[in-house]
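> Attaching a predicted model along with its sequence, questions to come.
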Amino acid sequence: MTISIQEKGICANIGMLTDFDSQGVDIAMKFPNVIRLGVDLRTVSDLGVNQADVEEHIDPLKFNKKTKKVEENTHWVGLNTMLTRIDYTIKKREKEGKRIEKYLLFYHSFLRDNLTYLRSNRIELGATTAVVGPQRFWDWLRIKMLKEFPNRDYNRAITVPETIMPQDYLDFDEAFKNRIKSILKPSHDEWKDQLSNHEGLIDNTSDKREEIENDMRDNHLMMNDDIKQLMKDINKLRKKYNL
């Protein structure tokens, strides 16, 4: 069963891991469109773990301080009630010839097979990973995810570039920047010195930055003979190749 969730136009595969107990299963059932990957008895079997090493026996009856009565675990009671409702819904829709959602069929089978076990037993996610180790558990989880979600959209993780610059261009660009940096160094240092001990306030820093850039470009960079010639050559190339 593969389920994907669409939110804000983004399609994503969503999976969930919870403890294998009444509360964990109850949490998973609150999100019917999310695949529950584990843990459960199948997880223990897949990992080749001795069930006794990860299983914890629990008392199905607890003393309720409010009612002062011994009662069933409320989460287990909720699952039992849910199974009854799902069973009724499935039979009703079968009778009416209506479509039955996959998650209803999944949890109908899942609860029937595991409800009795969950009444007095639990298997914690942490206990499972502690026995098998993180790497072995990840190997199992990876296989599980690939089975449930064989395809995924990697456009959110890998950006395919619209343009690729030739290496010769990149080398030229780097060398050009270094040449400009060298030419502008005296002006750069002079402006830095002025700003480091500026008297009074600058009303508009954006305007001041524009003034600095104009001065460095017009009065220093474009006064350099090599840069002038280079710009002429570049403009000729642009005209030649319609750039």
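The structure has been received and is ready for your questions. Numbering: from 1, shown residues only.

> what's the spacing between E96 and T89?
Using C-beta to C-beta, to the nearest Å, E96 is found at 11 Å from T89. Any C-beta I mention is one placed from the backbone N, CA and C, and that applies to glycine too.

> neighbour-wise, which of the two wins?
More neighbours surround T89 than the other of E96 and T89, with 15 against 7 (other C-beta atoms under 10 Å).

> Toward the C-terminus from the lengthiest helix in the chain, list the very next helix or strand.
Scanning the chain for the helix with the most residues, using DSSP state H, yields helix 167-196. For helix 167-196, the succeeding helix or strand toward the C-terminus, using DSSP states H and E, is helix 205-218.

> just how off-centre is the following helix or strand past that following helix within its chain?
Per DSSP H and E, the first helix or strand lying C-terminal to helix 205-218 is helix 225-240. Put simply, helix 225-240 sits 48 Å off its chain's centre (C-alpha atoms, centre = their mean, to the nearest Å).

> so helix 225-240 versus helix 205-218, what angle?
Here the directions of helix 225-240 and helix 205-218 differ by 90 degrees (axes from the mean of the first three to the mean of the last three C-alpha atoms, to 10 degrees).

> How is the chain partitioned into domains?
For the chain, the structural domains run 4-156, 176-240, going by automatic domain parsing.

> right, and the ones you listed - which one's nearest P166?
Minimum separation from P166 across these (C-beta to C-beta) falls at domain 176-240, 13.9 Å.

> avg pLDDT for that closest one?
Per-residue pLDDT values over domain 176-240 give a mean of 97.

> K62 is in what secondary structure piece?
Counting by DSSP H and E, K62 is part of strand 61-64.

> Tell me which helix or strand comes right after that strand.
Next along from strand 61-64, by DSSP H and E: strand 69-72.

> Report all helices and strands that that next one contacts.
If you count contacts as 3 or more C-beta pairs under 8 Å, 6 or more residues apart in numbering; DSSP states H and E, strand 69-72 packs onto strand 61-64.

> ok, and what's touching the strand it packs on?
Here strand 61-64 makes contact (C-beta atoms under 8 Å, 6 or more residues apart in numbering) with 69-73.

> Where in this structure is the helix or strand with the lowest mean pLDDT?
strand 4-7 (a mean of 46; mean pLDDT, DSSP states H and E).
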